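Undergrad: Provided below are the primary sequence and the corresponding predicted coordinates.
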Amino acid sequence: MKTIVFTGGGSAGHVTPNIALMHKLAQLGWEIKYIGSATGIEKDIIERAGVPFYPISSGKLRRYFDLKNFKDPFRVMKGVYESYRLLRRLKPAIVFSKGGFVSVPVVLGSRMNKVPVIIHESDITPGLANKISIPFATKVCVTFPESLNHVAPDKAVLTGLPIRDHVLSGKAAKGYQLCDFHSQKPVILVMGGSLGSQIINQAVRENLERLLAKFQIVHLCGKGNIAQSLLRIRGYQQFEYLNEELPDVLAMTDLVISRAGATSIYEFLYLEKPMLLIPLSLQASRGDQILNAQSFQKAGYAEVLPEESLTADSLADRVEALYQNRETYKTTMQSRNESDAVAAIVKLIETYSLSS
């Protein structure tokens with residue numbers, strides 16, 4: 001039995017695509033381990049999936065000045081040593097990295113142990129962690145066709161993004177029951193990322209009367225962001241976040257208002273949900289969500305509302321227009337020509353893994 005070590009963390013988008021691959025590899029008889037940070041979001045997600053989790057020290061890689069920048073290189077060095085020791089003990093045939101700052105020590109530890117590494121980059125341009133890791137990788141899987149311009153041709157492979165079977169298996173009836181909704185009125189799902197978005201939350205809530213005249217709204221508003229004063233409004237259901245119930249809510253959803261993280265928008269694409277994307281601005285990010293959103297808009301999968309133009313009225317206007325044209329977006333999504341990302345990546349893993 002071959003062993004594979006996964007790594008990646010810092011956000012759910014750096015972890016959940018790994019779940020799809022783990023499920024398939026387990027069916028093929030692989031033994032699966034995970035290396036991540038002790039305090040990151042990945043620990044909870046992976047342990048709930050029943051996969052052995054090994055924590056290491058890790059520092060955040062920042063592009064801006066912060067006093068922690070002086071301490072974190074030592075944490076990264078400690079993480080490299082811990083990864084090196086762990087990998088010598090686990091003896092994986094290959095390492096798969098989904099990115100995020102915790103992945104860098106694991107990739108470096110893999111190189112020191114002469115273990116091949118496959119990296120997956122979700123966004124159009126590689127994040128800082130993957131930029132550091134790519135020189136040590138055997139192959140780099142990319143999600144968007146535009147990404148092929150940012151990775152060496154001998155390493156880049158266009159695979160798309162692995163989608164969890166769990167996301168595709170929702171039941172609309174369960175979603176209606178969970179939210180106390182009905183099927184005679186369309187449903188909007190509002191998502192502001194794993195931590196929520198104050199600016200999106202505010203824009204939705206400031207125009208609830210207009211929106212609820214035409215739609216029912218499921219609002220995933222982030223931890224601590226439930227508006228107590230709006231709890232009893234008919235047709236408006238708030239959750240901090242959803243996990244097991246999310247596929248059922250997606251199954252009943254007609255439109256999505258969302259940030260533009262690659263993992264989420266590809267899941268919406270596979271489910272053929274027309275999207276209004278509000279990417280993080282350049283003031284709050286490196287611009288990856290802006291590029292993701294522009295790519296989906298160009299392909300005809302989504303409309304984009306820049307955060308700088310977001311108001312209660314502009315949001316309602318764009319949502320109503322999106323709904324009017326929803327069949328055009330659905331037809332475009334149905335006609336896309338994409339390979340099975342899970343199958344493509346599993347094939348690479350089996351091709352480049354060390355012989356047992």
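TA: Yep, that arrived.
Undergrad: the strands in the chain, which residues?
TA: In the chain, the strands defined using DSSP state E lie at 3-7, 31-37, 53-56, 94-97, 117-121, 139-142, 156-158, 187-191, 216-220, 236-239, 255-258, 275-277, 302-304.
Undergrad: same for the first one, what does it pack against?
TA: What it means is strand 3-7. When contacts are defined as 3 or more Cβ pairs under 8 Å, 6 or more residues apart in numbering; DSSP states H and E, strand 3-7 packs onto helix 16-27, strand 31-37, helix 72-90, strand 94-97, helix 103-112. Using the backbone N, CA and C atoms, a C-beta is placed for each residue, glycine as well.
Undergrad: repeat that with 6 Å
TA: Where contact means 3 or more Cβ pairs under 6 Å, 6 or more residues apart in numbering; DSSP states H and E, strand 3-7 is packed against strand 31-37, strand 94-97.
Undergrad: Would you format those as JSON lines with distance to Pro306, mean neighbour count and mean pLDDT included?
TA: Rendered in JSON lines, the data for the helices and strands packed on strand 3-7 read as follows (distance: least, Cβ to Cβ, whole Å; neighbours: other Cβ atoms under 10 Å; pLDDT from 0 to 100):
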{"stretch": "strand 31-37", "distance to Pro306": "33", "mean neighbour count": "24", "mean pLDDT": "96"}
{"stretch": "strand 94-97", "distance to Pro306": "32", "mean neighbour count": "28", "mean pLDDT": "98"}
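Undergrad: Please indicate which of the strands of the chain has the most neighbours on average?
TA: strand 94-97 (a mean of 28; mean count of other Cβ atoms under 10 Å).
Undergrad: Give the pairing partners of that one; include direction for each.
TA: Looking at strand 94-97 with DSSP bridges, its partner strands are strand 3-7 (parallel), strand 117-121 (parallel).
Undergrad: Adding mean pLDDT, write these out as CSV.
TA: Shown next, in CSV, are the strands paired with strand 94-97 (pLDDT from 0 to 100):
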stretch, mean pLDDT
strand 3-7, 97
strand 117-121, 97
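Undergrad: Would you mind putting those strands into JSON lines with distance to Gln228 alongside?
TA: As requested, those are exported to JSON lines (distance: least, Cβ to Cβ, whole Å):
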{"stretch": "strand 3-7", "distance to Gln228": "39"}
{"stretch": "strand 117-121", "distance to Gln228": "40"}
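Undergrad: Glu350: neighbouring residues, count only.
TA: 15 (other Cβ atoms under 10 Å).
Undergrad: And it, how far from Glu31?
TA: Using Cβ to Cβ, to the nearest Å, Glu350 is found at 14 Å from Glu31.
Undergrad: Repeat that for Gly9.
TA: Noted for Gly9: a distance of 21 Å to Glu31, by Cβ to Cβ.
Undergrad: what do you get for Glu272?
TA: Taken as Cβ to Cβ, the span from Glu272 to Glu31 is 36 Å.
Undergrad: before we move on, the earlier item: nearest to Arg259, of the strands paired with strand 94-97?
TA: Set against Arg259 and scored by Cβ to Cβ, these come closest in strand 117-121, at 18.0 Å.
Undergrad: With just CA atoms, put that closest one into PDB.
TA: What follows is strand 117-121 as a C-alpha-only set of coordinates in PDB (Å, rounded to 0.1, in the frame of the first residue of the first chain):
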ATOM      1  CA  VAL A 117       5.700  16.800  -4.900                       C
ATOM      2  CA  ILE A 118       2.700  17.800  -6.900                       C
ATOM      3  CA  ILE A 119       1.200  21.300  -6.300                       C
ATOM      4  CA  HIS A 120      -2.200  22.500  -7.100                       C
ATOM      5  CA  GLU A 121      -2.900  26.200  -7.700                       C
END
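Undergrad: tilt between that strand and helix 16-27?
TA: 140 degrees (axes from the mean of the first three to the mean of the last three Cα atoms, to 10 degrees).
Undergrad: ok, now which ones touch the nearest residue to Lys273 once chain neighbours are set aside?
TA: Spatially, and ignoring its direct neighbours in sequence, Lys273 is nearest to Val256 (4.9 Å; Cβ to Cβ, 6 or more residues apart in numbering). Applying Cβ atoms under 6 Å, 6 or more residues apart in numbering to Val256 gives the contacts 189, 268, 273, 275.
Undergrad: okay, among the residues you listed, which ones form the most distant pair?
TA: Leu189 and Met275 (9.8 Å).
Undergrad: Export the strands of the chain as a markdown table, with columns for distance to Leu322.
TA: As requested, the strands of the chain are exported to a markdown table (distance: least, Cβ to Cβ, whole Å):
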| stretch | distance to Leu322 |
| --- | --- |
| strand 3-7 | 36 |
| strand 31-37 | 37 |
| strand 53-56 | 40 |
| strand 94-97 | 36 |
| strand 117-121 | 29 |
| strand 139-142 | 28 |
| strand 156-158 | 28 |
| strand 187-191 | 9 |
| strand 216-220 | 14 |
| strand 236-239 | 19 |
| strand 255-258 | 6 |
| strand 275-277 | 5 |
| strand 302-304 | 6 |
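Undergrad: Asp165 is nearest to which of these?
TA: Relative to Asp165, the nearest member of the strands of the chain by Cβ to Cβ is strand 31-37, separated by 16.1 Å.
Undergrad: what packs against the closest one?
TA: Other helices and strands packing on strand 31-37, by 3+ Cβ pairs under 6 Å, 6+ apart, are strand 3-7, helix 41-48, strand 53-56.
Undergrad: how far does the first one sit from the chain's center?
TA: For strand 3-7, the distance between its averaged C-alpha position and the chain's averaged C-alpha position is 19 Å (Cα atoms, centre = their mean, to the nearest Å).
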